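Undergrad: Predicted structure and sequence below. I'll ask about it afterward.
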Amino acid sequence: MDVRNLDAKLPTDSILTKRKICCTMFVVLGLLTFYACYVGVAVELPPAPAEIDQNKTEVNTLNKASIHRNRTIVLIVAYMRTGSTLTGSLFREYSSAFYVFEPLHMLQQAFSRPADDKVTLKYVNGTTRNYLVSERSEVFLDEINSWLNCKIESLSIQTLTCRHHRVFTKVMMAFFYCSQGHFSASISHVDANLERCLRTAISFCKEAQLLAFKFIRLSMEEASKLLPLYPNMKIIHLVRDPRGIIQSKLKIKAVTTKTFKKDVVTYCSRIEKDLKVSKEIPQKHPKRLKILRYEDLAEKPLETAETLFKFLGLTFEKHLQDFIFQQTHASHKSCKYCTQRKNSSKTSNKWRSHIDHNMAIFIYDTCRTSNVILGYLPLESAQALRNLTIPSRRLVHEV
């Protein structure tokens, strides 16, 4: 999508068995890969973080980022129910990738439930850090920098033990199982077994030609602060018709009829702010941002994926093409949080057959600014909403 035109548009202000077998094979393959490096790679583990004052709240962010010039870095900045899991999986499957799914998940939870306006994070060397809730953004960027520099031993224990590692990643899935039983509330040092687990994950990270991270808890403003530090970093800003997002959230009860209006206003405000930043990035950092509409990926998965890899300067490998076809033309539909779909194109428009017409109007009007920018159309009548031959978006030019 051409972000160069945003300036004029923005206001200034048994199937079950098969599934189990596939999941088991995936876990086993990950563990075998991890074991191969575990016994064959000797990597010096960087020193653990120095002792930290338990009352310290200052955050030293963005001043020690090293530049990996021989690798590609991609951040996928998305929103819940925008197809971000599918998009992230494209890069997870790349032949030399270190991919992390939702690196900020546990941090977001910690900062959402503070005790006395303070958040305590623990680290593998037994130390703790106390942060103010107002330091959330700095802490987020600090941990992202640790990921980007393969300083996995510097991440908080909350992040290292995130349950998402065991499902949606490869290297960190293996780390998750390798490190089982080595983390505890009273951890005071890195034991030999945990050290080996860390070494192997760090080795994979350092050797990867692609570092990819998928976020739904990172703003474009936060992501943009990393671009000057990493000249080889690019950002994919993943968006979707807000009516599809909200209907999907209603289906899984992430939005309720009671919270509906508040949730819509919150989302529309967030994406409008993000698009303002997306407008500015190409001016400061040309060819380093791509706005991707979920509908384009769902309706033309191979063509759109090839465009994404070209944007990143990566080879669109044959096994990736096979993977994408399998995910978007599966023999059965997978779970509500999974990526396999019988017909991804049909899935992307399914909301039109289920959403309440009055709700659809409220969502569109509330998000009107971003909808105009992204090309989403109003579908003002109930007949137009249900008639899938009437497009819900206009064509926009690619970057």
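TA: That came in fine, so what should we check first? Numbering: from 1, shown residues only.
Undergrad: Low-confidence bits of the stretch 1-150 of the chain, can you list those?
TA: Applying pLDDT under 70 to the stretch 1-150 of the chain picks out residues 1-69.
Undergrad: all strands in the chain, in order from the N-terminus.
TA: Along the chain, counting by DSSP state E, strands occupy 72-77, 97-101, 118-122, 128-132, 210-215, 233-239, 289-293.
Undergrad: now those strands as CSV including mean neighbour count?
TA: All C-beta atoms are positioned from the backbone trio N, CA, C, and that covers glycine. CSV is the format used below for the strands of the chain (neighbours: other C-beta atoms under 10 Å):
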stretch, mean neighbour count
strand 72-77, 24
strand 97-101, 24
strand 118-122, 18
strand 128-132, 19
strand 210-215, 24
strand 233-239, 23
strand 289-293, 23
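Undergrad: out of these, nearest to Asn149?
TA: Counting by C-beta to C-beta, Asn149 lies closest to strand 210-215 out of the strands of the chain; the figure is 9.7 Å.
Undergrad: Of all the strands of the chain, which one is nearest Leu194?
TA: Nearest of the strands of the chain (C-beta to C-beta): strand 118-122, 13.7 Å.
Undergrad: Spatially central residue for the protein, please.
TA: Lys214 (1.9 Å; C-alpha atoms, centre = their mean).
Undergrad: contacting residues around the closest residue to it other than its chain neighbours?
TA: Excluding the flanking residues, the one nearest Lys214 by C-beta to C-beta, 6 or more residues apart in numbering is Gly88, at 3.5 Å. By C-beta atoms under 8 Å, 6 or more residues apart in numbering, the residues touching Gly88 are Ile76, Tyr99, Phe101, Phe168, Ala212, Lys214.
Undergrad: what about 10 Å?
TA: Contact analysis of Gly88 by C-beta atoms under 10 Å, 6 or more residues apart in numbering lists 74, 76, 78, 99-102, 168-169, 212-215, 236, 238, 339.
Undergrad: Tell me which residues touch the residue nearest to the centre of the chain, please.
TA: 74-78, 84-85, 87-89, 91-92, 99-103, 168-169, 236, 238.
Undergrad: Among the contacts of Gly88, pick out the one closest to Ile252, please.
TA: Thr339 (15.2 Å).
Undergrad: Including distance to Thr307, could the strands of the chain go into JSON lines?
TA: Below are these laid out as JSON lines (distance: least, C-beta to C-beta, whole Å):
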{"stretch": "strand 72-77", "distance to Thr307": "14"}
{"stretch": "strand 97-101", "distance to Thr307": "18"}
{"stretch": "strand 118-122", "distance to Thr307": "39"}
{"stretch": "strand 128-132", "distance to Thr307": "40"}
{"stretch": "strand 210-215", "distance to Thr307": "16"}
{"stretch": "strand 233-239", "distance to Thr307": "11"}
{"stretch": "strand 289-293", "distance to Thr307": "8"}
